[in-house]
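J.: My questions are about this predicted structure, shown below with the sequence.
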Amino acid sequence: MDLELLAWIAGGVAALALLVAAIAWRRLRVVDRRLTQLVEAGAPTTPERERIEALEAELTTLRGDLAQALRHVAVVRYDAFGDMGGRMSFSAAVVDDTGDGMVISSIHARGESRTYAKGIVGGDSEIVLTPEERQALDAARTGQDD
């Protein structure tokens, strides 16, 4: 093969490579300009999948926190003594999704009022619950009023 012909072929390939590089560089500038405009306009810079995964992780954390919140509440009002009227006594249950929380009872009599609190773990108490306290606890766990 002739060296001069080989030189012309190499020069042609080089010129073609330069032309392709120039076209690619020009297109890159256009894309870069458009991307800059999008970022300045407030478009997200992270890929959507990463944003969605971050939101899902945050949602899982929030659900865990919410499950521990004392958000199930029920109140049962009653007359603690037969000679008293107006249902001034009450038992209130406040529990989370797993049934942990407390029951607070206030017994109203003519001359005094007493308040008691009992801890609840897993939907039950180590201390015996009165029927009214049990009713309040069951209503809080099922979401039904008395």
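T.: Good, I have the coordinates.

J.: Give the rounded mean pLDDT of stretch 38-53.
T.: The average of the pLDDT scores along stretch 38-53 is 76.

J.: Please tell me how far it is from the chain's geometric centre.
T.: 21 Å (C-alpha atoms, centre = their mean, to the nearest Å).

J.: Straight-line length of it, end to end?
T.: 22 Å (C-alpha to C-alpha, to the nearest Å).

J.: do stretch 107-118 as well
T.: With C-alpha to C-alpha, one end of stretch 107-118 sits 14 Å from the other.

J.: just use 49 as the starting number from now, easier for me
T.: Sure, I'll start numbering at 49, so the last one becomes stretch 155-166.

J.: what ranges do the strands span in the protein?
T.: Using DSSP state E, the strands of the chain run over residues 120-126, 137-143, 149-156, 161-168.

J.: Looking at this protein, which helix is longest?
T.: Identified as the longest helix of the chain according to DSSP state H is helix 51-88.

J.: how close does the residue of the chain positioned farthest from its centre get to Ala117?
T.: Ranking residues of the chain by C-alpha distance from their mean position (C-alpha atoms, centre = their mean) puts Asp50 at the top, at 74.9 Å. Between Asp50 and Ala117 the computed distance is 86 Å (C-beta to C-beta, to the nearest Å). To be clear about C-beta, it is placed using only N, CA and C from the backbone, and glycine gets the same treatment.

J.: now do Asp127
T.: From Asp127 to Ala117 the distance is 32 Å (C-beta to C-beta).

J.: Pick out whichever of the two has more residues nearby.
T.: Applying other C-beta atoms under 10 Å to Asp127 and Ala117 shows that Asp127 carries more neighbours, namely 13 against 10.

J.: Helix or strand with the lowest mean pLDDT in this protein?
T.: helix 96-115 (a mean of 86; mean pLDDT, DSSP states H and E).

J.: quick one: the residue nearest the centre of the chain from Glu101, how far?
T.: Nearest to the mean C-alpha position of the chain, counting by C-alpha atoms, centre = their mean, stands Leu110 at 2.6 Å. Distance from Leu110 to Glu101, counting by C-beta to C-beta: 15 Å.

J.: Count the neighbours of Ser137 for me.
T.: 20.
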